[in-house]
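Q: Fold the following and give me the result.
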Amino acid sequence: MTGYTVIRYVLAGDVAEITLDRPDTLNSLNAAMRSELKHAVERAQAEKARAILITGEGRAFCSGQDLGESETGIPDVERTLRDEYEPMARAIMECDLPIVVAVNGTAAGAGASLALLGDIVIAGHASQFVIAFARIGLMPDVALTYFLPRQVGLARAMGMAMTTEPVDGQRAAEWGLIWKSVPDDTLMDQARALTGAMAKGPTRSFSLIRKAMRASLDNDFSTQLALEAKGQGEAAATRDFLEGTTAFLEKRMPAFEGR
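A: Numbering: from 1, shown residues only. Just a heads-up that it's a prediction; the model follows:
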């Protein structure tokens, strides 16, 4: 893939910024966007970025599946999930870089799924998370039924999915659905500052953190202890660990190299 048609990809220093760019459809997800998102995340790693920021162009983050892809909506839902959504979601989940998601406006349906795949989600106060699948007779997908109950509890997850009532950015933060909510006019400045800080951090440490935290959702106590010991051994073998401990002893800020 040499160019993008429905996203924008910019590598600025150590940060790869990926922008969903179908504002006329509120950045709805079509086949091209699913493919390009997967490719862009993989490209960021190949180009040695150290952090990724994902956001949307215009007045919405992502309105979910583009039901206009065919005259009857999605012709084969199961195939589309398996062959297009799952590779996109796995690319994000299995990425070795910290991923910040800046939710501007509405994140609905699969758009909410996409947002919540990020490691650190920051949203404007006026943003809305809408688990809208039941409005068209479907159930949540793209890992929403996995993450949502774990993040907000079963009662709230059921309420969001069955009533389809929007949850604004501030309430999403209060419920633990996202990291934090900020004034809308400062969203991108704060998101870029946060992603920039992640890009200057210990990249390998961040990769180990994101994998261990997600694994803890299913592991038992002993399995998680073993995972921690193995991961900590890997972290301790990095140059960033040496730099971090040296900087601590020298009472200065560390200059991590991401290795």
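
Q: Give the bridge partners for V182, please.
A: G124 (DSSP bridges).

Q: Just the pLDDT for it.
A: Note on V182: pLDDT of 98.

Q: elements contacting the helix or strand where T246 lies?
A: Secondary structure assigned from DSSP states H and E places T246 in helix 239-249. Judged by 3 or more Cβ pairs under 8 Å, 6 or more residues apart in numbering; DSSP states H and E, helix 239-249 is in contact with helix 203-215. The C-beta positions use only the backbone N, C-alpha and C, and glycine is treated the same way.

Q: what about 7 Å?
A: Packed against helix 239-249 by the contact rule (3 or more Cβ pairs under 7 Å, 6 or more residues apart in numbering; DSSP states H and E) you find no helix or strand.

Q: Report the backbone C-alpha coordinates of that helix in PDB.
A: This file holds the C-alpha atoms of helix 239-249, laid out as PDB (Å, rounded to 0.1, in the frame of the first residue of the first chain):
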ATOM      1  CA  ARG A 239      19.400   0.000  27.800                       C
ATOM      2  CA  ASP A 240      16.500   2.100  29.000                       C
ATOM      3  CA  PHE A 241      16.600   0.300  32.400                       C
ATOM      4  CA  LEU A 242      20.300   1.100  32.700                       C
ATOM      5  CA  GLU A 243      19.600   4.700  31.800                       C
ATOM      6  CA  GLY A 244      16.600   5.000  34.100                       C
ATOM      7  CA  THR A 245      18.600   3.700  37.100                       C
ATOM      8  CA  THR A 246      21.600   5.800  36.300                       C
ATOM      9  CA  ALA A 247      19.500   8.900  36.000                       C
ATOM     10  CA  PHE A 248      17.800   8.200  39.300                       C
ATOM     11  CA  LEU A 249      21.200   7.800  41.100                       C
END
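
Q: Pull out the buried positions in the worst-scoring helix or strand of the chain on mean pLDDT.
A: Scoring the helices and strands of the chain by mean pLDDT, DSSP states H and E places helix 77-80 at the bottom, with a mean of 90. Buried residues in helix 77-80, counting neighbours by 16 or more other Cβ atoms under 10 Å, are found at T80.

Q: Give the burial count for F221, as a bare number.
A: 8 (other Cβ atoms under 10 Å).

Q: before we move on, back to that, and the next helix or strand past the least confident helix or strand of the chain?
A: helix 86-93.

Q: For that next one, list every residue counted as buried.
A: Buried-residue list, helix 86-93, by 16+ other Cβ under 10 Å: E86, M88, A89, A91, I92, M93.

Q: go on, stretch 107-118?
A: A107, A108, G109, A110, G111, A112, S113, L114, A115, L116, L117, G118.

Q: Would you reformat those as CSV and include secondary structure?
A: CSV is the format used below for the buried residues of stretch 107-118 (DSSP: H, G, I helix; E, B strand; the rest coil):
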residue, secondary structure
A107, strand
A108, strand
G109, coil
A110, helix
G111, helix
A112, helix
S113, helix
L114, helix
A115, helix
L116, helix
L117, coil
G118, coil
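
Q: from these, which single one is nearest F256?
A: G118 (21.3 Å; Cβ to Cβ).

Q: ranges for the helices of the stretch 51-200 of the chain?
A: 77-80, 86-93, 110-116, 144-152, 154-163, 169-175, 187-199 (DSSP state H, counting those that start in this stretch).

Q: Let's see the last one as PDB, backbone CA atoms only.
A: Looking back up the chat, that one is helix 187-199. What follows is helix 187-199, C-alpha atoms only, in PDB (Å, rounded to 0.1, in the frame of the first residue of the first chain):
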ATOM      1  CA  LEU A 187      -8.300  17.900  23.300                       C
ATOM      2  CA  MET A 188      -5.800  17.700  20.500                       C
ATOM      3  CA  ASP A 189      -3.200  19.800  22.300                       C
ATOM      4  CA  GLN A 190      -3.400  17.500  25.300                       C
ATOM      5  CA  ALA A 191      -3.500  14.300  23.200                       C
ATOM      6  CA  ARG A 192      -0.400  15.400  21.200                       C
ATOM      7  CA  ALA A 193       1.400  16.400  24.400                       C
ATOM      8  CA  LEU A 194       0.600  13.000  26.000                       C
ATOM      9  CA  THR A 195       1.600  11.000  22.900                       C
ATOM     10  CA  GLY A 196       4.800  13.000  22.600                       C
ATOM     11  CA  ALA A 197       5.600  12.200  26.200                       C
ATOM     12  CA  MET A 198       5.000   8.500  25.500                       C
ATOM     13  CA  ALA A 199       7.400   8.700  22.600                       C
END
